[in-house]
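Chemist: With the sequence up front, the predicted model follows.
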Protein chains: 2
Amino acid sequence: MTKPKYLTGNNAAINEFIDQFDVFLLDCDGVIWSGDHVFEGVPETLEFLRSKGKKIVFVTNNSTKSREEYLKKFTGLGIPSNVEEIFGSAYSSAIYISRILKLSPPKNKVFVIGEAGIEHELRSENIPFIGGTDPSFRRDFGPEDWRGIADGSHLDPEVGCVLAGLDFHINYLKLSHALQYLRRGAVFLATNVDSTFPMNHNFFPGAGSMSAPLTYMTGGQTPLALGKPSQAMMDAIEGKFQLDRARTCMVGDRLNTDIKFGIEGRLGGTLAVLTGVNKQADWEAEDAVAVPAFYVDKLSDLGAVA
Amino acid sequence: MTKPKYLTGNNAAINEFIDQFDVFLLDCDGVIWSGDHVFEGVPETLEFLRSKGKKIVFVTNNSTKSREEYLKKFTGLGIPSNVEEIFGSAYSSAIYISRILKLSPPKNKVFVIGEAGIEHELRSENIPFIGGTDPSFRRDFGPEDWRGIADGSHLDPEVGCVLAGLDFHINYLKLSHALQYLRRGAVFLATNVDSTFPMNHNFFPGAGSMSAPLTYMTGGQTPLALGKPSQAMMDAIEGKFQLDRARTCMVGDRLNTDIKFGIEGRLGGTLAVLTGVNKQADWEAEDAVAVPAFYVDKLSDLGAVA
């Protein structure tokens, strides 16, 4: 392992670093913001990179928001952006289903465990789906469900895929339906398999906690994940933006998702920032999951040379 | 591995088998009944064993019913029994918490994921608990929950244990609370970790599907299970009934729970019945999880000698 290069305060090194890349893939939480707090100098740094002709893509595992909803968040936080710059795991999943999985009738419906963000992106790719935020799945399990699910009369014979993302309304009914579809051969996808979801400086159940019980129930079926660090997401990003991997840099705060994602994707570079989950000691540990090529204290250190 | 002895139709062998034991531990589903259908001849066979002075104990992993509720089911199905003959995983959990874990104030409350059966058994052992069927935990996750759970103001500082059982009302709120208690050092228990729950000749999410996401979220914390095949349950049964393991036989339909439970508990014998999940081919397989000492086509074959 080579030692990561520390860029903060070294203008020559920062300029050399920026010149190496045409595209910056940026994680959001822990890089751009923490919750609803934008880190100081970040909007200016993004403008600086754009002014140098760099392409910016925000790459996030959060599937509860669609790209449009993300754009609203960016705008509300004073960060100029546009939908084309945003690439979330819900969109990544929709792209994978429509362009790679290419489900065909009569088995082309998706059973969704997740929130509206997934539904918006499936609609944007004209993928039929059931479940999700439908109120008929947001209810208590009833006595008639045992029979209807067991004999299949409550199931939709057109479902050919189960897509599991973060669902704040997860329940026994949705898990029971998903189990049956998987037992009947549905393709098992997950927007991402993050174990936890960071909010209010603490941890809540993540999207992977929605697919974990399904993996357990089915005796070990694991989903194909469409979020970082899965290379299925990198392939989708490359397909959409036609980027040159050698001239692309992944920027993030987490070694096990962001930095691993960039390294396994054979990008030209990876940049760690110290404003999120992982610190220098994490990649210096003997069992470090991934080691970045570069690091800065904070993203705005890149703009300090402007 | 020795070949299991087949008893059906062999009166001499059946008599010899019965004479070896004083206590029969009987699984219910797949042995006594399937759902609400009692297998023919079973009530008579149980009476026959009792008439020969044998102690009968029904050992079940289903935690959704208390012993009293189980007794109602037995009575309703025409099977004479009494509460003292019934040993479920909810009761096993309560016994473990009160007599082995012995939580002391100010950390002696249990956070329950599960149904009324667990609550009844905790009450029977005077164990304080929260969660479970409390309507305030059977609701959608609200915006104020992020803050209250993250800063601990919604949490009960007296919780020292998380007990996860089958919960038909599992939701994001309960999972979020449980995660926080585990992160704060609560002991992690499960009534049982069955991956599925058999109903209407099909499979639904089992109790282990409630603890599986917690294991995933916590980065690998696994619960101590108090149901079959965990020997914590065998210890609890032995403690209660003061049985002689050498003179005790476990009877069941599942190799990975019932038969494994008896073998690892070093009981004098194990008897498989073919009225449930596993068949002869399963223990004859090279990677068989457990091989019974005896087997019969159905439990009532034991009574055929009467």
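Modeler: Looks like it arrived, so ask away.
Chemist: middle-most residue in chain A, spatially?
Modeler: Closest to where the C-alpha atoms of chain A average out (CA atoms, centre = their mean) is A:Asn61, at 1.8 Å.
Chemist: Show me what stretch A:262-279 is in contact with.
Modeler: A:4, A:7, A:17, A:20-21, A:25, A:27, A:29-31, A:34, A:39, A:198, A:229, A:231, A:234, A:245-255, A:258-259, A:280, A:283, A:290, A:292-299 (CB atoms under 8 Å, 6 or more residues apart in numbering or on different chains). Placement of C-beta: from N, CA and C, glycine included.
Chemist: As PDB, could you dump the C-alpha coordinates of it?
Modeler: C-alpha atoms of stretch A:262-279 as PDB (Å, rounded to 0.1, in the frame of the first residue of the first chain):
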ATOM      1  CA  GLY A 262     -13.300   4.100  -6.700                       C
ATOM      2  CA  ILE A 263     -10.400   1.700  -6.300                       C
ATOM      3  CA  GLU A 264     -12.400  -1.400  -7.500                       C
ATOM      4  CA  GLY A 265     -13.700   0.800 -10.400                       C
ATOM      5  CA  ARG A 266     -10.000   1.400 -11.400                       C
ATOM      6  CA  LEU A 267     -10.600   5.100 -11.400                       C
ATOM      7  CA  GLY A 268      -7.600   7.400 -11.900                       C
ATOM      8  CA  GLY A 269      -7.800   8.500  -8.300                       C
ATOM      9  CA  THR A 270      -9.600   8.500  -4.900                       C
ATOM     10  CA  LEU A 271      -9.700  11.400  -2.500                       C
ATOM     11  CA  ALA A 272     -10.700  11.000   1.200                       C
ATOM     12  CA  VAL A 273     -12.100  13.900   3.200                       C
ATOM     13  CA  LEU A 274     -11.900  14.000   7.000                       C
ATOM     14  CA  THR A 275     -15.300  15.600   7.500                       C
ATOM     15  CA  GLY A 276     -17.300  12.400   7.800                       C
ATOM     16  CA  VAL A 277     -17.100   8.800   9.100                       C
ATOM     17  CA  ASN A 278     -13.500   7.700   8.600                       C
ATOM     18  CA  LYS A 279     -10.200   9.200   9.800                       C
END
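Chemist: Contacts only, for the closest residue to A:Gly152 other than its chain neighbours.
Modeler: Excluding its sequence neighbours, the residue lying closest to A:Gly152 (CB to CB, 6 or more residues apart in numbering or on different chains) is A:Gln180, at 7.4 Å. For A:Gln180, the contacting residues are A:149, A:152, A:155, B:202, by CB under 8 Å, 6+ apart.
Chemist: All the helices of the stretch 101-250 of chain A, in order from the start?
Modeler: A:116-124, A:143-150, A:172-183, A:208-217, A:231-241 (DSSP state H, counting those that start in this stretch).
Chemist: winner for burial among those?
Modeler: Among the helices of the stretch 101-250 of chain A, helix A:208-217 has the highest mean neighbour count (mean count of other CB atoms under 10 Å in any protein chain shown), at a mean of 26.
Chemist: mind checking pLDDT for whichever residue of the stretch 1-150 of chain A sits closest to chain B?
Modeler: The stretch 1-150 of chain A approaches chain B most closely through A:Ala150 (3.5 Å), counting by CB to the nearest CB. With respect to pLDDT, A:Ala150 has a value of 97.
Chemist: got a list of what the residue nearest to the centre of chain A touches?
Modeler: Counted by CB under 8 Å, 6+ apart, A:Asn61 has contacts A:88-89, A:191-192, A:194, A:207, A:227-228, A:257.
Chemist: out of those residues, who has the most neighbours?
Modeler: A:Thr191 (36 neighbours; other CB atoms under 10 Å in any protein chain shown).
Chemist: I figured that residue hits A:Phe197, correct?
Modeler: No: judged on CB atoms under 8 Å, A:Thr191 makes no contact with A:Phe197 at a distance of 11.9 Å.
Chemist: Mutual contacts of those two, please.
Modeler: A:166, A:207.
Chemist: burial count for A:Tyr6?
Modeler: 14.
Chemist: A:Ala13 too?
Modeler: So A:Ala13, with other CB under 10 Å, has 16 neighbours.
Chemist: Using the three-state scheme, assign it.
Modeler: Three-state assignment for A:Ala13 (DSSP: H, G, I helix; E, B strand; the rest coil): helix.
Chemist: out of everything not next to it in sequence, what's closest to it?
Modeler: Per CB to CB, 6+ apart, closest to A:Ala13 is A:Leu7, 5.1 Å.
Chemist: which parts of the stretch 201-306 of chain A sit against chain B?
Modeler: Contacts of the stretch 201-306 of chain A with chain B, taken as CB under 8 Å from any CB of the partner chain, map to A:201-206, A:208-210, A:212-217, A:219.
Chemist: ok, 7 Å please
Modeler: A:201-206, A:208-209, A:212-213, A:216-217, A:219 (CB under 7 Å from any CB of the partner chain).
Chemist: what sits against the residue of the stretch 1-150 of chain A closest to chain B?
Modeler: B:199-202 (CB atoms under 7 Å, 6 or more residues apart in numbering or on different chains).
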